[in-house]
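Curious how this folds, go ahead:
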Amino acid sequence: MDAYNLMIALNGQAEPVSEERRAEAVRVFLAARSTPDQARRFYRGVRYPGNTGGMYPAFYIPPYNGGRKLRTVTNQLPKTHILSANMYELEILRLLALFAPDDPDVRHMVKETLARLRKTCFAGHGCAVGECFDTSVAALRFLLAAAPEEREWIRSLRDGWHAHVDEHSRPRALKAYFELCGD
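Got it, this is the predicted structure:
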């Protein structure tokens, strides 16, 4: 199973994940890391060369899907690559942080991703517009798994959700996805 389908399956799994399945998931996810060349092509394709503001993933670029964005874990068909690409990477990294928190590669990716997210509008500056807002929920879920000690940052994202969720129409599944974060 490829990384995308495995990530979707694990997120939809109701029962606890066995140690064997965790080990297999870690193997699949670590093998699926994007190359620097894949990342450069993606950044050029979304007209964001160099990913200077950190709006897009660094480690897990979504696989090419015939020009269509991948559905999110909530089965939402994103309008933007910001949501599609970030949810792909953040959900994979969230699972890696849960399944292999002591792996040196996982620790490195988590550290770099935390630094990247601090610069983004959706995770670092409380953007409540469109799919940036939706992406903030993926960032919150990642933070809860990978950096639970970041209490102020987590509180800020939760407070932002509560302050802005009713300002615009939001996908119903997104609200359920947020509820998984607890409160």
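
how about the helices of the chain, start to end?
For the chain, the helices defined by DSSP state H cover 3-12, 19-31, 36-45, 81-99, 104-118, 121-124, 130-146, 151-164, 172-179.

now these as JSON lines including mean pLDDT, distance to Tyr64 and mean neighbour count?
Bear in mind the C-beta positions are built from the backbone N, C-alpha and C, glycine included. Converted to JSON lines, the helices of the chain look like this (pLDDT from 0 to 100; distance: least, C-beta to C-beta, whole Å; neighbours: other C-beta atoms under 10 Å):
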{"stretch": "helix 3-12", "mean pLDDT": "91", "distance to Tyr64": "11", "mean neighbour count": "17"}
{"stretch": "helix 19-31", "mean pLDDT": "97", "distance to Tyr64": "17", "mean neighbour count": "15"}
{"stretch": "helix 36-45", "mean pLDDT": "89", "distance to Tyr64": "9", "mean neighbour count": "14"}
{"stretch": "helix 81-99", "mean pLDDT": "93", "distance to Tyr64": "12", "mean neighbour count": "24"}
{"stretch": "helix 104-118", "mean pLDDT": "96", "distance to Tyr64": "22", "mean neighbour count": "17"}
{"stretch": "helix 121-124", "mean pLDDT": "78", "distance to Tyr64": "24", "mean neighbour count": "22"}
{"stretch": "helix 130-146", "mean pLDDT": "87", "distance to Tyr64": "20", "mean neighbour count": "23"}
{"stretch": "helix 151-164", "mean pLDDT": "84", "distance to Tyr64": "31", "mean neighbour count": "15"}
{"stretch": "helix 172-179", "mean pLDDT": "63", "distance to Tyr64": "25", "mean neighbour count": "15"}
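
Show the contacting residues for Ala25.
Leu6, Leu10, Val17, Leu95, Phe99 (C-beta atoms under 8 Å, 6 or more residues apart in numbering).

circling back: okay, the helices of the chain in TSV with distance to Asn75 next?
TSV is the format used below for these (distance: least, C-beta to C-beta, whole Å):
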stretch	distance to Asn75
helix 3-12	9
helix 19-31	20
helix 36-45	23
helix 81-99	11
helix 104-118	24
helix 121-124	20
helix 130-146	13
helix 151-164	20
helix 172-179	6
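
For the closest residue in space to Pro63 that isn't next to it in sequence, give its distance to Leu30.
Distances taken as C-beta to C-beta, 6 or more residues apart in numbering place Tyr4 nearest to Pro63, at 6.3 Å, with adjacent residues excluded. Separation of Tyr4 from Leu30 (C-beta to C-beta, to the nearest Å) stands at 15 Å.
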